[in-house]
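Undergrad: I'd like to go over a predicted model; first the sequence, then the structure.
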Amino acid sequence: MSGAVRGAHFFRKLPRELTEATQLGGIVSLVGIATAILLTYANTVAYLTTSKHTKLVLDLQTDEYIDLIFNVTLERLPCRFTSLDLFDETGTKRLNVSGSDIVKQRVSSETGEHLGPDESEVWEDLEHDDAEDAADENTGARKGDVPQLDADGLAALLQKTTLTVVAYGAPWCPWSRRLEPVWQSLYQSMEPELWEIGIARVDCTANQELCSEQHVSAFPTVRVYREHNIHSHENYHGDRTVDSLKAFIVEAHHSSDNYEFHPLTHLTHTSGEGCMVHGRVTVSRVPGSMRLSAQSLFHSFDPLGMNVTHHVDAMLFAAPGAECPHLKAVTQAEQVWANDEQFSCAYRRAMNALIDHRDALARGAERAPVGEATLLSSRFVMHEQAMTLKHYLKVVPTRRVTLRGDESDSYEYSTNFNEFRNLHDRPNADDEIHRLVPNTVFAYTVSPYRVVHRETAQSFGSYLTQLCAVVGGVFTVFGLVDGALYNGIKAVKQD
């Protein structure tokens, strides 16, 4: 039996005395061993390393809807005028979208700090006096018309009065025209003991520079100045009736002696107020756009005075989720919103997605696509009047498959940006439809293809095959080299 086994030996041994060892052969053997070790190490590292293979496939598993999660700050547009509108190619039009999934946070245009809720930004239906009602309220002894001011006149009036109320308007604005008889009756109905209160109006079409310095772009704007200071002011947001206006002015006059501006509502003509809009909206998976612009039921806007300069802190697309998570820990600036009971499940999912995305970028674990990285790191400035700032987002569904076969779907996108003015818009037109205000637009298109990133690793069988090939190949190659050197040297010596 043992003889039969020995007969099957492929690697028969020669007696040691029949072999010859040379110094050159020893060097070749040592080099061969080092080469085999190096190649074995490289092959082992390749075996232990996970690689990624990417391919493009037709996306057959499409969702009917996707979530758009965003955090955009309009640096010069107050929240009370900021409207979020959605449009898509199916004809869907959703104007002034609001609800628990959308949060508007007032910010300072100068410092970017959050402003407190002392001055309500919630707009309800306002009451207006018509011309007849306003005339009936005119019981005072003061005669004449409301003073019409320019920049010098305003400065002079503020120097003479400790409390001044000014209505900024424009003749083409229907809401300004509606306020004119009310303002006239208010002026004439003030009792003599209240004549020290300044009441005036400014025509912003004739005093564009003054209105621009005061950041007045919505008409009418009723502004209150105290203590001769043209740079500090409040806005009046109440009903536009003689009784309401008069009651407000009288109360403000009586409180002027002990009045101090609250630090959260103290705004200047150089800083102004902006709006951070963040949250989540569900959109159809068809080409569409999200627009941020000025809108009000009780104001008209001067396109030449609007400024939609903005920056983007987050813009993500995600498949709609079903779970209702707790809001994760956020930065101190965002801590005011970390109330689990205040917002909907969709809003908490949106905020958690933003936090995860921000943390991943901070760790460098998953770099954002080039277009997205550009969008998040830039400030988009409005360089000319009445311009629209538009982003074009090309959204690509993405799937990542791990070695274990776990799948995770997401959306990546690239962006382009353009600043333009609609050729049909005329900022000074009498027809309001041709005085469309500037806006910020995020136009998106979802690709019908899906990018699949699949993790792969070398199988153990393939590793063994390559290991045997390395060892056997090195042994064979260096054996041939050794044989060639040995026979060559021997032939030279014989000659």
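TA: Alright, I've got the coordinates.

Undergrad: switch to C-alpha atoms for all contacts and neighbour counts from now on
TA: Will do.

Undergrad: check which residues of the longest helix along the chain are buried.
TA: When the chain is scanned for its longest helix (criterion: DSSP state H), the result is helix 460-494. The neighbour-count check on helix 460-494 (16 or more other C-alpha atoms under 10 Å) flags 463, 466-467, 470-471, 474-475, 478-479, 482 as buried.

Undergrad: mind checking the pLDDT average for that helix?
TA: Helix 460-494 shows a mean pLDDT of 85.

Undergrad: again with stretch 94-109
TA: Average pLDDT, stretch 94-109: 84.

Undergrad: now do that stretch: distance to the chain's middle.
TA: 13 Å (C-alpha atoms, centre = their mean, to the nearest Å).

Undergrad: quick one: end-to-end distance for that stretch.
TA: Stretch 94-109 has an end-to-end distance of 28 Å (C-alpha to C-alpha, to the nearest Å).

Undergrad: same check, this time on stretch 85-95
TA: Span of stretch 85-95 from end to end, C-alpha to C-alpha: 4 Å.

Undergrad: what does it contact?
TA: 83-84, 96-97, 284, 286-292 (C-alpha atoms under 8 Å, 6 or more residues apart in numbering).

Undergrad: kindly report the same for stretch 22-32.
TA: Contacts of stretch 22-32 (C-alpha under 8 Å, 6+ apart): 474-475, 478, 481-482, 486.

Undergrad: one more time with 10 Å
TA: Residues from elsewhere that reach stretch 22-32 (C-alpha atoms under 10 Å, 6 or more residues apart in numbering): 33, 35-38, 471, 474-479, 481-483, 485-486.

Undergrad: for stretch 46-63, same thing?
TA: By C-alpha under 10 Å, 6+ apart, stretch 46-63 touches 40-41, 43, 284-285, 319-320, 396-403, 447-460, 462-464.

Undergrad: in ChimeraX, how would I select the buried members of these?
TA: Buried subset of the contacts of stretch 46-63, written as a ChimeraX selection, criterion 16+ other C-alpha under 10 Å:
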select :40,43,284,285,319,320,396,397,398,399,400,401,447,449,450,451,452,453,454,455,463
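
Undergrad: tell me which of the contacts of stretch 85-95 is nearest to residue 299?
TA: Using C-alpha to C-alpha, residue 83 is the member of the contacts of stretch 85-95 that lies nearest residue 299, at 13.2 Å.

Undergrad: would you verify that the closest one is located in a strand?
TA: Yes - counting by DSSP: H, G, I helix; E, B strand; the rest coil, residue 83 is found in a strand.

Undergrad: which pLDDT value belongs to it?
TA: We note a pLDDT of 90 for residue 83 in this prediction.

Undergrad: tell me the first helix or strand C-terminal of the helix-or-strand element of the chain with minimal mean pLDDT.
TA: When the helices and strands of the chain are compared on mean pLDDT, DSSP states H and E, strand 267-268 comes out lowest with a mean of 36. Of the helices and strands lying after strand 267-268 in sequence (DSSP states H and E), the nearest is strand 273-284.

Undergrad: which residues in the stretch 251-400 of the chain form strands?
TA: Using DSSP state E, counting those that start in this stretch, the strands found in the stretch 251-400 of the chain span residues 267-268, 273-284, 288-294, 300-301, 310-318, 379-380, 388-401.

Undergrad: thought residue 436 was touching residue 303?
TA: Yes - using C-alpha atoms under 10 Å, residue 436 is in contact with residue 303, at 6.8 Å.

Undergrad: mind listing what the residue nearest to the spatial centre of the chain touches?
TA: Geometric centre of the chain, nearest residue: residue 312, 3.0 Å, by C-alpha atoms, centre = their mean. Contacts for residue 312 (C-alpha under 10 Å, 6+ apart) come out as 70-74, 276-278, 374-380.

Undergrad: the same query, at a cut-off of 7 Å, please.
TA: For residue 312, the contact set (C-alpha atoms under 7 Å, 6 or more residues apart in numbering) comprises 71-73, 375-376.

Undergrad: neighbour-wise, which of those leads?
TA: With neighbours defined as other C-alpha atoms under 10 Å, the most crowded of the contacts of residue 312 is residue 73; it has 25 neighbours.

Undergrad: not counting the helix or strand containing it itself, show me its contacts.
TA: Assigning secondary structure by DSSP H and E places residue 73 in strand 65-74. Strand 65-74 is contacted from outside by 274-285, 308-320, 350, using C-alpha under 7 Å, 6+ apart.

Undergrad: how about stretch 469-489?
TA: If you take C-alpha under 7 Å, 6+ apart as the criterion, stretch 469-489 is touched by 25, 28, 32, 36, 39-40.

Undergrad: tell me which helix or strand residue 55 sits in.
TA: Element membership for residue 55, per DSSP H and E: strand 51-58.

Undergrad: quick one: residue 20 from residue 486, how far?
TA: On the measure of C-alpha to C-alpha, residue 20 and residue 486 end up 11 Å apart.

Undergrad: same question for residue 414.
TA: The gap separating residue 414 from residue 486 is 64 Å, by C-alpha to C-alpha.

Undergrad: list the buried residues for stretch 231-245?
TA: Quick answer for stretch 231-245 (16+ other C-alpha under 10 Å): 232-234, 236-237, 239-243, 245.
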